[in-house]
Structure formats: structure tokens, C-alpha cells
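Asks: how would this look folded up:
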Amino acid sequence: MLNSSSLPQAFAKCKDITEFHAKSFAFAAKKLPPDLAQDVYAVYAFCRITDDLVDEQKEKTAEEIETDLNSWKQDFHQALETKTSSHPVLLAFVDVLNRRPISASLADELIAGVSMDIEKTDQPQRFETFKDVETYCYYVAGVPGLMMAQLFGITNKDVLNQAVLLGKAMQITNILRDIADDQTRNRLYLATEDLHQFGVSEADLAAQKITPELKQLMKHYIAIARTWYKQAQPGIGFLPSQIQVSIYSASRIYEKILTQIEKKQYDIFSGRVFTSKLSKIRSFVRIYLTHKLTYKPKK
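Replies: Coordinates of the predicted model:
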């Protein structure tokens, strides 16, 4: 069992996880004061491992994944109570919760969100209404945004809501980009009511048909995501100045995926839509130069 004497190694493990899975985010975090950077790594690592318990366990059955997720939740609560854990990421994350104004309940919300992705052959993953889709986006992407905002000491409700909006916008982008991949895993994140409203059948999706109806539905979702990106942008100015550019550039680069979908005439079946590494570098440099000169941290 690991305790407070193991914290340096635990935080080092969190940093390794962040640098492996989110290189640009880890690069930005390095510009923060060391104590704040290590806490950012711990929050990211907790969110990453929680998500991977479902998404990276394809060889396991739904029941086994559900058991693992429940055990993770129990281990988290035990660590929260005892301040010890056999898992370094839990040890570091709980230490952050004890020192920073992050709501511990958000961890439970994240776990509840990723549990929605557990693939049960007798119960295909579906969302009836767009409100259900939005709720899912909140749990799996808005909650991590809230955790980070609270970690940075943000208490303003409007700014916290903007953090949630950015997370939800990025998740909607994921949903549109990954329609083809999700089909192979019996997942569909487009609301059933929206499929009916726009005249899109699951049979067409399974056959990878880019119908006029599907294009209209995707235009609808893209418009929602862009609205959320725009509404979320002012909140970035409340973040520490060292990390503003990274978050802002990440949001703009992610939003470009929507533009790429449009350029491909909404053909998300002929290959995964992405922005090239060169395009990301160019965008980051351009945003860094303009943002550094014009964007001031808000008080």
C-alpha cells in the first residue's frame, strides 16, 4: 500500500502518463509553477485511466469491464478516506483533491459517464434524445474541464460553465469524426430522435451511405458544436496565462476537424478525419503569436 512517502513517485507516474498520451498538453503544463503542473498531471492521469478502463479493454467482456470500473470507483473512495492506495495515480489524485478546491463528486460523475460506453451485446449503446447526448458529453468531457478549472481556482459559475461547454463541443466533434469507428463497436451517439427528424436510418449508417439526410443531420450537430466553441472561448482568459495558449489552440485545432468534415462533403466513412501534424504546428505558432500579443488574462 502506498502512502504519503510514495507521493513523489506517484506524481512522476502521472507525469509519464500525461506526456505519453497528451504531449502538447504536457508541454503546456511544464510552463506552470511546478506544484501546479504536478497536480495537472494527476488530474489528467486519473481521467485517462478511468476512460481507458472502458475504451482500451476490447479483449474483456462487458461484465468484466463493469467489474473493473466498479473496483476502480471503490478504490478511489477508499483512497479518499484513507489517503493511501495501491495505485499511484489514485494516491496522487486524492492528494490533489485534499489540497485543491476540486469537487470529489466529479470523479464519480466521470466514472458514471464512461460506464455509458460499456458495450453490452444485448443492449446496444443508444441515446434517445439530444439531451441524453449532451448529458453524456457533460460526463465524459465537461467534467474533466470542470476539474481543471477548479484546480486553477476558478469559482465563477459562468466561467465554469464555459469550461463545460468547451468539453462538450470537443466531444461532439469526436462523435462526428468517429461515426464509422463507433458503428463497428455497436455504438451510436447521434440521438434517435434526431435520426428520425432528419430521416436517417441506422441501416444507411451501417451501409456507410452518405445520404442528403445524413449531411443535414451532421450540419445540425456541427452548428451546435461551433456555438459551444464560441460560447466557451471567453472562459479561457481566466486560466493561468502559461496555459491559455495551449487550451485556446487545442480548441481551435479541434474545431478545424469540423471544417475538414465539411471539406470532405461529410464523408466520414472513407477515412478518419483529422488535422495533419504540420497543420497543427502552423496553427499553434500562429495562435501563439497572436494570442500572446492580444490576449490578456482576466482578473
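
Asks: for the host helix or strand of V96, packing partners?
Replies: Element membership of V96 [criterion: DSSP states H and E] is helix 88-99. Applying 3 or more C-beta pairs under 8 Å, 6 or more residues apart in numbering; DSSP states H and E, one finds that helix 88-99 contacts helix 7-21, helix 34-55, helix 62-82. (C-beta placed from N, C-alpha, C; glycine too.)

Asks: could I have the last one exported to CSV, CA atoms only?
Replies: Output for helix 62-82, consisting of C-alpha atoms alone and laid out as CSV, is shown next (Å, rounded to 0.1, in the frame of the first residue of the first chain):
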residue,chain,number,x,y,z
ALA,A,62,-18.8,-6.1,-20.7
GLU,A,63,-19.3,-7.7,-17.4
GLU,A,64,-15.6,-7.8,-16.7
ILE,A,65,-15.2,-4.1,-17.7
GLU,A,66,-18.1,-3.2,-15.5
THR,A,67,-16.5,-5.1,-12.6
ASP,A,68,-13.1,-3.3,-13.2
LEU,A,69,-14.9,0.1,-13.3
ASN,A,70,-16.7,-0.6,-10.0
SER,A,71,-13.5,-1.7,-8.4
TRP,A,72,-11.8,1.5,-9.6
LYS,A,73,-14.6,3.5,-8.0
GLN,A,74,-14.4,1.6,-4.8
ASP,A,75,-10.6,2.0,-4.7
PHE,A,76,-11.0,5.7,-5.3
HIS,A,77,-13.3,6.2,-2.4
GLN,A,78,-11.1,4.0,-0.2
ALA,A,79,-8.1,6.2,-1.1
LEU,A,80,-10.2,9.3,-0.4
GLU,A,81,-11.0,8.0,3.0
THR,A,82,-7.6,6.6,4.0
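
Asks: Next, the angle helix 34-55 makes with that helix.
Replies: Relative orientation of helix 62-82 and helix 34-55, computed by axes from the mean of the first three to the mean of the last three C-alpha atoms, to 10 degrees: 150 degrees.

Asks: Packing partners of helix 62-82?
Replies: helix 34-55, helix 88-99, helix 105-115.

Asks: what's the spacing between that helix and its chain's center?
Replies: 20 Å (C-alpha atoms, centre = their mean, to the nearest Å).

Asks: Select, out of the helices and strands packed on helix 62-82, the one closest to F127.
Replies: helix 105-115 (12.5 Å; C-beta to C-beta).

Asks: Where does pLDDT dip in the stretch 101-250 of the chain?
Replies: Along the stretch 101-250 of the chain, segments meeting pLDDT under 70 span 120-124.

Asks: which residue ranges form the helices in it?
Replies: 105-115, 130-137, 143-151, 157-177, 179-184, 192-198, 202-206, 212-232, 241-263 (DSSP state H, counting those that start in this stretch).

Asks: Need the winner for burial among the ones you listed.
Replies: Per-stretch averages of neighbours, counted by mean count of other C-beta atoms under 10 Å, single out helix 143-151 among these, with a mean of 23.

Asks: got the angle between that helix and helix 130-137?
Replies: Using the same axes, to 10 degrees: helix 143-151 against helix 130-137 is 50 degrees.

Asks: Who are the packing partners of helix 143-151?
Replies: helix 34-55, helix 105-115, helix 157-177.

Asks: Wait, G142 touches V164, no?
Replies: Yes - if you go by C-beta atoms under 8 Å, G142 and V164 touch, sitting 3.8 Å apart.

Asks: what residues are up against the closest residue to L166 other than its chain neighbours?
Replies: Excluding its sequence neighbours, the residue lying closest to L166 (C-beta to C-beta, 6 or more residues apart in numbering) is A232, at 3.7 Å. Residues near A232 by C-beta atoms under 8 Å, 6 or more residues apart in numbering: Q162, A163, L165, L166, A169, S251.

Asks: ok, the fourth one - contacts?
Replies: When contacts are counted by C-beta under 8 Å, 6+ apart, L166 is found next to G145, W228, Y229, A232, G235, I236, I247, S251.

Asks: what sits against the spatially closest residue to the fifth one that is not a sequence neighbour?
Replies: I take that to be G235. In this structure, G235 finds its nearest non-sequential neighbour in Q162, 3.0 Å apart by C-beta to C-beta, 6+ apart. Contact analysis of Q162 by C-beta under 8 Å, 6+ apart lists Q231, A232, Q233, P234, G235, I236.
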